[in-house]
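> Structure for this input, please:
(2 chains)
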Amino acid sequence: MSLNDDKIIMDKEQIKRALFRISHEILEKNKGTKNLAIIGIRNKGAYLAARMAGYIKEIDSKTVPVGILDITLYRDDLTTIAWQPIVRKTEIDFDITSKNIILVDDVLFTGRTIRCALDALIDFGRPKNIQLAILIDRGHRELPIRADYVGKNVPTSLNQTVDVSLIGADAVDKVSVRKVDK
Amino acid sequence: MSEWKKRDLLTLGSLSKEEINHILRTAESFKEISTRSIKKVPALRGKTIASLFFEASTRTRTSFELAAKRLSADVVSIHSSNSSVLKGETLIDTARNIEAMSVDGIIIRHSSAGAPRVLSGKVSVPVINAGDGAHEHPTQGLLDIFTIRQKKKKIEGLKVSIVGDILHSRVARSNIWGLSKLGAEVCVCGPATLLPPFIERFPVKVTTSLKEALAGADVVMALRIQLERQKERFFPTLREYSREYGIDKEKIKLAKKDVLIMHPGPVNRGIELSQDVIDGPRSVILEQVTNGVAVRMAVLYLLLQKEETNGSIS
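The predicted model follows:
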């Protein structure tokens, strides 16, 4: 493999199977859909959350509430990044208090995004618990955070980046790893 | 990527269509925060904002302060009535002294047109114009446009009539610039004595006939008769003004059925607008106030959440 080549680590089918399995695991662990709600972190987590809600409906014939969380205003690196991220809407139109919240994101890396998301969620109410579902866990945590549900563990080095493409946001469903020059 | 490059917000006349749209889009995201039970996000934690009001204000000052507080910034308010301004300190000295206490941004309202621009040349932190003389009131213009867009889903092609004391109105000037940049057809209307000289140089239609201004209007914006600024008499009596230019339930029938009635406040009830129009179903006056907080949050976020340092994204 040459230096900047993409290496595809998940294709459409593999993503589907991983999300389907996670949906089963969520139902198993929470004993059904009672008090369950799914919240995806913008941007890609929101697409994954919607898909998982679809699979849960397929499996259990129950509709679970789905929300979207924008964590921009909670980032701890706002003053250290050169560009200014665009703030988008948080859309949680249900009360999260006493719910079992499944927080969904595409890649778990340093854990800082999840830290922001936890802060943001707790400003909305007091959930019974928050569980974390992740499509790719690439390691290199900087905070004591772990996922409850993982699509795929991918050992990476720090000079690599993981790209998740999802239909809705992108042209195809795929996960790839690529080397970046630093 | 950021589309915001300017350090200050001084006028809408100096902003591009893209910059105006960027602020409005950002404001959309901030609106929801004020509906939460915990109305606060940590985006501007640790930042300090000074608000310098050299003129009376309830709405704008409160709105800016709430906006700053909902972003977790600390606000210090200085009013001309209880500050060293009374002891003869100049505006620039006051601002420099406040800057010397490490504030991250200055909001200023002043009775002299151009005061915020002069100030921005003397300090190194962002300056936000909260109204300068009869020049501009950019955040009011933005919140008006935001409210119109929310209700009408567009700005382009709308007929917006601004009625009343155009001469003394900074709100009118900001709206004229902002709305015309976004493609609205702006019409200003008032007695000839309350229309500024050279108004025809602005991108507007000018008329002294209220009927003409109201006919087919999508939005009617009434302005307050600014009695405090009128050192000479511009019309014989308030009653006569109200009879000719006051908008009531009957006159508003000339406008489109789904017309929006707006007013930047404070309202002289029964003069610019009749009671039933102010409190009627087409009035969005209080929604303007609600949207003001979201728009000012967006402005504060865009101007203050910017550092020149480089770092990595993770």
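
> Ignoring the adjacent residues along the chain, who's closest to the residue nearest the centre of chain B?
Centroid check for chain B by CA atoms, centre = their mean gives residue B:140 as the closest residue, at 1.4 Å. Spatial nearest neighbour of residue B:140, chain neighbours left out: residue B:171 (5.0 Å); criterion: CB to CB, 6 or more residues apart in numbering or on different chains. (Each C-beta comes from the backbone N, C-alpha and C, glycine too.)

> Do the longest helix along chain B and chain A come into contact?
If you go by DSSP state H, chain B has its longest helix at helix B:285-304. Yes: counting by CB under 8 Å from any CB of the partner chain, chain A is contacted by helix B:285-304 at B:298, B:301-302.

> That helix packs against which elements?
helix B:17-31, helix B:59-70, strand B:105-110, strand B:127-132, helix B:138-152, strand B:260-262 (3 or more CB pairs under 8 Å, 6 or more residues apart in numbering or on different chains; DSSP states H and E).

> mind listing what the third one pairs with, with the direction of each?
It stands for strand B:105-110. strand B:48-53 (parallel), strand B:127-132 (parallel) (DSSP bridges).

> what's in contact with stretch A:168-182?
Here stretch A:168-182 makes contact (CB atoms under 8 Å, 6 or more residues apart in numbering or on different chains) with A:3-12, A:15-16, A:43-44, A:47, A:50, A:135-136, A:152, A:154, A:156, A:159-167.

> Please list only the buried members of those residues.
Buried members of the contacts of stretch A:168-182, counted by 16 or more other CB atoms under 10 Å in any protein chain shown: A:9-10, A:15, A:43-44, A:47, A:50, A:135-136, A:154, A:156, A:162-166.

> Identify the farthest-apart pair in these.
Using CB to CB, these span at most 26.4 Å, a distance reached by A:50 and A:156.

> model confidence over the longest helix along chain A, on average?
The longest helix of chain A (DSSP H) is helix A:12-30. For helix A:12-30, the mean pLDDT works out to 97.

> quick one: it to chain centroid distance?
Taking CA atoms, centre = their mean, to the nearest Å, the mean C-alpha location of helix A:12-30 is offset from the chain mean by 13 Å.

> What are the buried residues along it?
A:14-15, A:18-20, A:22-23, A:26-27, A:30.

> continuing past it, what's the next helix or strand?
strand A:36-41 (DSSP states H and E).

> residue ranges of the helices in chain A, please?
Under DSSP H, chain A gives helices at A:12-30, A:44-60, A:112-122.

> Tell me how many other residues crowd residue 170.
Looking at chain A here, since you left the chain open. 13 (other CB atoms under 10 Å in any protein chain shown).

> Actually, chain B is the one I wanted.
23.

> With adjacent residues omitted, what lies nearest to it?
Nearest-residue entry for residue B:170: residue B:137, 4.3 Å, with adjacent residues in sequence omitted and distances by CB to CB, 6+ apart.

> got a list of what that neighbour touches?
Here residue B:137 is in contact with B:60, B:129-131, B:170-171, B:173-174, B:264 (CB under 8 Å, 6+ apart).

> quick revisit: what's the helix or strand hosting the residue nearest to residue B:140 in contact with?
Residue B:171 belongs to helix B:170-181 when assigned by DSSP H and E. Residues outside helix B:170-181 that contact it (CB under 8 Å, 6+ apart): B:11-13, B:15-17, B:20, B:113, B:131-138, B:140-142, B:144-145, B:148, B:155, B:160, B:162, B:166, B:186, B:188, B:202-204, B:221, B:223, B:264.

> Quick check, pLDDT for the nearest residue to residue B:120 once chain neighbours are set aside.
Closest residue to residue B:120 apart from its sequence neighbours, by CB to CB, 6+ apart: residue B:127 at 4.1 Å. According to the prediction, residue B:127 has pLDDT 97.

> Surely residue B:127 and residue B:115 touch.
No: look at residue B:127 against residue B:115 with CB atoms under 8 Å: they stay out of range, at 9.8 Å.

> shared neighbours of the two, anything?
residue B:108.

> Read off the pLDDT value for the residue nearest the centre of chain A.
Here the mean C-alpha position of chain A is nearest to the C-alpha of residue A:105 (CA atoms, centre = their mean), at a distance of 0.8 Å. At residue A:105, the model reports a pLDDT of 97.

> Same question for residue B:91.
Taking residue B:91 on its own, its pLDDT is 89.

> what is the mean pLDDT for stretch B:236-247?
Stretch B:236-247 comes out at a mean pLDDT of 91.

> Could you report the separation of the residue in the stretch 151-300 of chain B positioned nearest to chain A from residue B:13?
The stretch 151-300 of chain B approaches chain A most closely through residue B:298 (7.8 Å), counting by CB to the nearest CB. Distance, residue B:298 to residue B:13, by CB to CB, to the nearest Å: 19 Å.

> Tell me the spacing between residue B:59 and residue B:139.
11 Å.

> just residue B:132 next, same as before
12 Å.

> ditto for residue A:55
Residue A:55 is 46 Å from residue B:139, by CB to CB.

> Neighbour count: these two, which is higher?
The residue with more neighbours, out of residue A:55 and residue B:139, is residue B:139; 27 against 18, by other CB under 10 Å.

> Settle this for me: that one is touching residue B:296, isn't it.
Yes: with contact defined as CB under 8 Å, residue B:139 counts as touching residue B:296 (5.5 Å).

> Touching both of those two, which residues are there?
Overlap of the contact sets of residue B:139 and residue B:296 (by CB under 8 Å, 6+ apart) consists of B:63-64.

> ok, and the closest non-adjacent residue to residue A:120?
The shortest distance from residue A:120 to any non-neighbouring residue, by CB to CB, 6+ apart, is to residue A:74 (4.8 Å).

> The one you found: what's it in contact with?
Contacts of residue A:74 (CB under 8 Å, 6+ apart): A:116-117, A:119-120, B:41-43.

> do the same with residue B:117
residue B:10 are the contacts of residue B:117 under CB under 8 Å, 6+ apart.
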